[in-house]
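> My questions are about this predicted structure, shown below with the sequence.
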Amino acid sequence: MFQIGQSATYHDMGGCKEGTDTCTSKTCKGHEVDIMHFSIGNAIPGRLYGGNPIDNAKGNGGDRFGHLVDVYAWTPHCRYLDGTGPSGNDSSAQNNWRGAWWHSSLSVQSGFVQEDSPYGSDGGKGTYYFEFSRPLRTMDCLQQDVQFTIGQSSKISAAFWYPIDETPWHGSGHFTINCDWVSLDITSGGSKLTKSTSTSSWDLASVFSLLFSVIALCLSVFAIYRISRPRNFQFSPMEVSME
């Protein structure tokens, strides 16, 4: 969950005081939060889910294949897929998220199909891995997507729900990373790489890339010069005799 509106609070998913019958983009202005929700119940491990051409063509943040959806909210009771809501649907919305999941107990590296479910054994211990991606900027014009800026921070929270003893889902059963917003710093690729252990490898790759670019440019200039240079042709006179 990301803060969009300046007044959006971590508690109550935006914190708008309006009820379900009165919450709108006008009455809850400033309380918008952006939510990415991934339910892995029907999602095959190691497969990519989220935005897809079919759902994006319908102009909403849904995902009919793996339930990695793009949502916005003002309160827990006023939560909608991007492009839908109390004011009607907007065909310009889309799901900008992509994501996949894996578990360390899964040893099949060649991949799974849906018929393999359940993919692991009950009670198997291990670590869940989630990987998500989204553009820094989206085409959203309705205050339903957070817009990231390199060099600035955004407010974020994350929660995880796991069924224990086959207990059905309930709202207060989430494990959350904090009881308030957490700062997410958006740094450029260059500054992030400077702090990593792979800086020397990256610098070496950059040098080779620059070298090949210069060579390619020189070859292009030489080729253009050869083509455009005027050519002087020497003609030898020929004597033709007619018999």
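Ah, there it is.

> Am I right that residue 54 sits in a strand?
No. Remark: residue 54 does not belong to a strand; assigned using DSSP: H, G, I helix; E, B strand; the rest coil, it is helix.

> got the contact list for it?
Residue 54 makes contacts with residue 64, as judged by Cβ atoms under 8 Å, 6 or more residues apart in numbering. Every residue, glycine included, has its C-beta placed from N, CA and C.

> Got the confidence number for it?
Here, the pLDDT recorded for residue 54 equals 92.

> Do you have the strands of this protein handy? List them.
In the chain, the segments counted as strands under DSSP state E are 2-3, 33-38, 49-50, 68-75, 78-81, 98-103, 128-133, 153-156, 159-160, 175-176, 182-185.

> For the protein, which residues score under the pLDDT cut-off?
With pLDDT under 70 as the threshold, the chain has low-confidence stretches at 190-243.

> if I look at the residue nearest the centre of it, how far off is residue 21?
Taking Cα atoms, centre = their mean as the criterion, residue 134 is the residue nearest the geometric centre of the chain, at 1.6 Å. Remark: distance between residue 134 and residue 21 (Cβ to Cβ, to the nearest Å) = 32 Å.

> What of residue 104?
Note on residue 104: its distance to residue 21, by Cβ to Cβ, is 46 Å.

> follow-up on the earlier one: now do the same contact list for the residue nearest to the centre of the chain.
With contact set as Cβ under 8 Å, 6+ apart, residue 134 has these partners: 36, 96-98.

> Which two of those residues have the greatest separation?
Checking the contacts of residue 134 against each other with Cβ to Cβ, the farthest-apart pair comes out as 36 and 98, at 10.1 Å.

> which neighbours do those two share?
Shared contacts of residue 36 and residue 98 (Cβ under 8 Å, 6+ apart): 68, 132, 134.

> number of nearby residues for the second one?
Counted with other Cβ atoms under 10 Å, the burial measure for residue 132 works out to 13 neighbours.

> ok, what's across the strand from it?
residue 99 (DSSP bridges).

> isn't it right up against residue 97?
Yes. Counting by Cβ atoms under 8 Å, residue 132 touches residue 97, with 6.2 Å between them.

> who touches both of these two?
Residues within reach of residue 132 and of residue 97 at once, by Cβ under 8 Å, 6+ apart, are residue 36.

> check contacts around residue 187.
The neighbours of residue 187, taking Cβ under 8 Å, 6+ apart as the test, are 150-151.

> of the strands of the chain, which approaches residue 118 most closely?
With respect to residue 118, and counting by Cβ to Cβ, the nearest of the strands of the chain is strand 98-103 at 11.1 Å.

> All set, thanks.
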